[in-house]
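Novice: For reference, the sequence and a predicted model appear below.
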Amino acid sequence: MTSASEAANELPSAVLFACNQNAVRSPMAAAILRHLSGGRIYVASAGVRAGTPDPFVAEVMNELGIDLSHHEPISIADLHDTSFDVVITLSPEAHHQALELTRTMAVEVEYWPTMDPTIIEGNREQRLEAYRACRDGLFARIKRRFPISGAPVV
């Protein structure tokens, strides 16, 4: 019999990160988990609607050695495969839509309220700092949630 703490430490086989436009938060989170898991977990990201690529995302992820320069935002409706074990939502709108998925599929949904760095105004460096704060917060939360042995340290 598996205890609750052991079950929490088991790695899912497929994880979806969802936010509003799949341009900032969810692609960063997916790329981080993909990087940490080394391919041991299928990871995808999507938005309530598809936005446009954000160059600040590619820049701050590149600082960690993770290439997101070719990311193309997609919507949850455009996903080809929806057989995820866990859906992690990063915005209220995405959480609402993910809960709708539970009507037709058995999936665990977690809500991680995550600040949208695109709302920060200021000069280039101030804006990059907001993106870095978002990235670093996601990185720390993902490392806590998914105890991956042998994960790279960034």
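Specialist: Sure, I can see it. Numbers count the residues shown, from 1 in each chain.

Novice: show me where pLDDT drops low in this structure?
Specialist: For the chain, the stretches flagged by pLDDT under 70 are 1-9, 150-154.

Novice: And the strands in it, which stretches?
Specialist: Remark: strands assigned in the chain by DSSP state E are 14-19, 42-47, 86-89, 108-111.

Novice: Residue 146: which of those strands is closest?
Specialist: strand 14-19 (8.0 Å; CB to CB). To be clear about C-beta, it is placed using only N, CA and C from the backbone, and glycine gets the same treatment.

Novice: How are the helices of this structure distributed by residue range?
Specialist: 4-9, 25-37, 55-62, 92-101, 124-145 (DSSP state H).

Novice: Just list the residues touching the residue nearest to the spatial centre of the chain, thanks.
Specialist: Central residue of the chain (CA atoms, centre = their mean): residue 29, 2.9 Å from the mean position. With contact set as CB atoms under 8 Å, 6 or more residues apart in numbering, residue 29 has these partners: 17, 45, 88, 90, 114, 138, 142.

Novice: got these as a markdown table, with distance to residue 55 columns?
Specialist: Output for the contacts of residue 29, formatted as a markdown table (distance: CB to CB, whole Å):
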| residue | distance to residue 55 |
| --- | --- |
| 17 | 20 |
| 45 | 17 |
| 88 | 24 |
| 90 | 20 |
| 114 | 20 |
| 138 | 18 |
| 142 | 23 |
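
Novice: from the residues you listed, which is closest to residue 72?
Specialist: Set against residue 72, the nearest of these by CB to CB is residue 45 (10.7 Å).

Novice: is it true that that closest one touches residue 27?
Specialist: Yes. In this structure, residue 45 is within contact of residue 27 by CB atoms under 8 Å, at 4.9 Å.

Novice: one step back: can you check the contacts of residue 29 and name whichever has the most neighbours?
Specialist: residue 17 (30 neighbours; other CB atoms under 10 Å).
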